[in-house]
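Asker: Fold the following, please.
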Amino acid sequence: MSITIVPLFIFAASQIGTPGPANMALLATGARFGFRAALPFVAGVALGKQLIIWPIGFGLMELADAAPGVFTALKYISAAYIIWLAWKVANLRLTPGQGPASPPGFAAGLIVHLLNPKAWAMIVGGFTAFVGPDVSTLKATATIAVVLLSCQIILHPIWTLAGDRIAKTVAGTAAEPYLMWTLAGLTVASVLFVLFGGGT
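Answerer: Residues are numbered from 1 along each chain as shown. Alright, predicted model coming up:
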């Protein structure tokens, strides 16, 4: 068995395209600041996953096996942080002049996946389910890195653009707070599903 590319692409697209902490952050950022202004953040989010893929590919999970308690603690700390961000999103309003004046930038995007339990589970699942034992570490890691980045380049901007379009419809209306609370609720639900549902 080598690397099953087509199933890996399908897996990656299904995971990256569905609601999760990163996509909710992209949706909310596009809604609050507009598509163009959010693009540096989008680029940071896309490239930030590489900061997880390469260490995992080159043995980080062996460390996880040796010290599972540390990684369990980090998982729950990350989840708590994302839930806190969801609370901020819930109370954010799209009307200009409310909330932060400038969008999060590239550096802010880089750390989104580092604190995203779904991203960690997705990457580990990619290595364990689609890579054969005969594949070299470099080839396996590079393939997964390219496949996930390719999906992100397409799907992350779509989520951001969706936020931008939704905001143009509901900003300043009675529906606005319900939208922001829905985004926050989806973010929390996605984190809880990864933590307790056993999914990726």
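Asker: Around residue 115, count how many other residues there are.
Answerer: Neighbour count of residue 115, defined by other Cβ atoms under 10 Å: 19. No exception for glycine: its C-beta is placed from N, CA and C like everyone else's.
Asker: Residue 168 too?
Answerer: 11.
Asker: ditto for residue 14
Answerer: Neighbours of residue 14 (other Cβ under 10 Å): 12.
Asker: Report the separation between it and residue 147.
Answerer: Distance, residue 14 to residue 147, using Cβ to Cβ, to the nearest Å: 12 Å.
Asker: now swap in residue 48 and tell me
Answerer: For residue 48, the distance to residue 147 - Cβ to Cβ - is 16 Å.
Asker: swap in residue 189?
Answerer: Remark: distance between residue 189 and residue 147 (Cβ to Cβ) = 26 Å.
Asker: can you check residue 107 too?
Answerer: Counting by Cβ to Cβ, the gap from residue 107 to residue 147 is 25 Å.
Asker: Residue 34 is in contact with residue 161, isn't it?
Answerer: No. Taking contacts as Cβ atoms under 8 Å, residue 34 lies outside contact range of residue 161: 9.7 Å.
Asker: quick check: longest helix of the protein.
Answerer: Longest helix of the chain, by residue count under DSSP state H: helix 137-170.
Asker: Wait, a strand at residue 103?
Answerer: No. Secondary structure of residue 103 (DSSP: H, G, I helix; E, B strand; the rest coil): coil, not part of a strand.
Asker: Can you give me the distance of it to residue 160?
Answerer: Counting by Cβ to Cβ - residue 103 and residue 160 are separated by 10 Å.
Asker: More neighbours: those two, which one.
Answerer: A count of neighbours by other Cβ under 10 Å puts residue 160 above the other of residue 103 and residue 160, at 28 against 17.
Asker: Contacts only, for the more buried one.
Answerer: 26-27, 29-30, 35, 38-39, 42 (Cβ atoms under 8 Å, 6 or more residues apart in numbering).
Asker: One more: residue 43?
Answerer: Applying Cβ under 8 Å, 6+ apart, the residues contacting residue 43 are 106, 109.
Asker: Determine which two of the contacts of residue 160 are furthest apart.
Answerer: Within those, 27 and 39 form the most distant pair, 14.3 Å apart (Cβ to Cβ).
Asker: And those two? Which one has more around it.
Answerer: More neighbours surround residue 27 than the other of residue 27 and residue 39, with 26 against 19 (other Cβ under 10 Å).
Asker: quick one: the more buried one from residue 137, how far?
Answerer: Taken as Cβ to Cβ, the span from residue 27 to residue 137 is 35 Å.
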